[in-house]
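*Asks:* Kindly return the folded structure for what I paste below:
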Amino acid sequence: MNLIPLLELTKSNLSLIDNQNNFYLEDSEYENLIIKTKSISIKYDFIILNDIEGNLLYNQKLFIDSKGLKNGLRNSKDGFAFFGPITHYHGKIINDFILNTKDINDNDSDNISEEQDIIDKNIVNHKIIFAIFYDRTFEKFYLKSVKKLNFDKIKEIEINSILFYMKKNKIKIKSNLIIYFEDIVNLFFYIIVNQENFSINLKIIHNENKNIVEYNYNISDSPITIGENGVIKINGKKKVSILCFDNKNKYWVIKDKKEKIWVSCNNKIELKKTMLFKLNKDIFQAICSENN
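*Replies:* Prediction:
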């Protein structure tokens with residue numbers, strides 16, 4: 001944490017005072033620096049976002065701070081950075097960054113694979129796909145999917161266009177949660193929890209043919225193992241995942257020894273250091289500043 005002398009807080013470099021009495025100073029490297037009035041300490045809050053697989057960001061590194069995306073198209077400085085496939089909607093700029101949904105030139109249109117064509121159409125159908133925003137109350141960055149999912153029509157949901165984030169070791173199960181294991185191809189688990197008796201309804205969806213296998217379990221069925229030798233048998237998954245009820249805290253959790261579980265991002269998720277999230281086959285990494 002660097003300190004800044006009081007004499008440097010002059011009208012010439014003071015650009016904004018918000019409702020929490022934070023001073024904002026313009027900086028050449030990052031778009032703002034937050035100066036706390038009580039501690040008079042300078043705090044760097046930012047996210048570096050980049051592709052580690054795929055090219056939706058055109059292989060760029062993006063800088064996001066507490067005002068939003070640096071050099072974002074909306075230039076609103078409202079703390080939000082919106083990502084999607086289009087710039088304008090009803091005459092307004094709605095996205096700060098336009099995702100690269102086509103990784104090929106127009107002249108190469110004959111070489112578009114059927115799979116890529118389907119993915120592109122799914123993305124284009126959603127004007128804003130996800131957002132990263134800064135909550136000044138908690139001084140944290142959050143990730144949120146903007147796409148609304150109709151879980152009543154689970155068969156019609158295009159899994160490829162859902163935003164997932166990676167969670168390690170242990171996941172608290174909530175209703176309308178979609179998860180998949182990195183070592184299982186094309187199988188997604190959709191879970192509904194009954195809040196009265198904590199029974200669960202588990203649907204396993206095959207992403208290609210939309211076939212659904214359904215299971216119902218009560219607390220007394222815990223633990224439920226998933227794998228080749230598990231209660232729920234999944235061919236090709238040799239290591240066993242465990243779905244069990246936490247009697248002390250009164251919720252279901254899922255664990256996996258390989259620690260590679262992707263979870264649908266239905267609600268806002270706090271962005272932490274080197275966090276991974278993905279859309280289709282593109283994987284993003286969010287690198288947080290040291291103070292987050």
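*Asks:* For the stretch 151-292 of the chain, which residues score under the pLDDT cut-off?
*Replies:* Residue ranges of the stretch 151-292 of the chain with pLDDT under 70: 258-259, 290-292.
*Asks:* how far away is K273 from K67?
*Replies:* Distance of K273 to K67, given as Cβ to Cβ, to the nearest Å: 21 Å. For glycine as for every other residue, the C-beta is placed from the backbone atoms N, C-alpha and C.
*Asks:* Comparing those two, which shows the higher neighbour count?
*Replies:* Per other Cβ atoms under 10 Å, whichever of K273 and K67 has more neighbours is K67, with 22 against 10.
*Asks:* Quick check, that one in contact with F80.
*Replies:* No. Contact between K67 and F80 fails when scored by Cβ atoms under 8 Å: they sit 9.3 Å apart.
*Asks:* Could you give the number of residues near E270?
*Replies:* For E270, the count of nearby residues is 13 (other Cβ under 10 Å).
*Asks:* ok, it to S66 distance?
*Replies:* Note on E270: its distance to S66, by Cβ to Cβ, is 15 Å.
*Asks:* next one: F130
*Replies:* Going from F130 to S66 by Cβ to Cβ gives 18 Å.
*Asks:* Name the residue in the two with the higher neighbour count.
*Replies:* Ranked by neighbour count (other Cβ under 10 Å), F130 and S66 place S66 first, with 25 against 20.
*Asks:* Kindly tell me how buried E182 is, as a neighbour count.
*Replies:* Neighbours around E182, by other Cβ under 10 Å: 12.
*Asks:* Disregarding residues adjacent in the polypeptide, which is nearest to it?
*Replies:* Spatially, and ignoring its direct neighbours in sequence, E182 is nearest to K260 (3.9 Å; Cβ to Cβ, 6 or more residues apart in numbering).
*Asks:* Is that neighbour in contact with D183, as I believe?
*Replies:* Yes. Counting by Cβ under 8 Å, D183 is a contact partner of K260 at 7.1 Å.
*Asks:* Which residue ranges of the protein form helices?
*Replies:* Here the chain has its helices, by DSSP state H, at 114-124.
*Asks:* tell me the pLDDT at N105?
*Replies:* Reported pLDDT at N105 in the predicted model: 38.
*Asks:* what's the answer for L62, then?
*Replies:* On pLDDT, L62 comes in at 94.
*Asks:* which residues does it contact?
*Replies:* Residues near L62 by Cβ atoms under 8 Å, 6 or more residues apart in numbering: I48, L49, N50, L69, K70, A81, F97.
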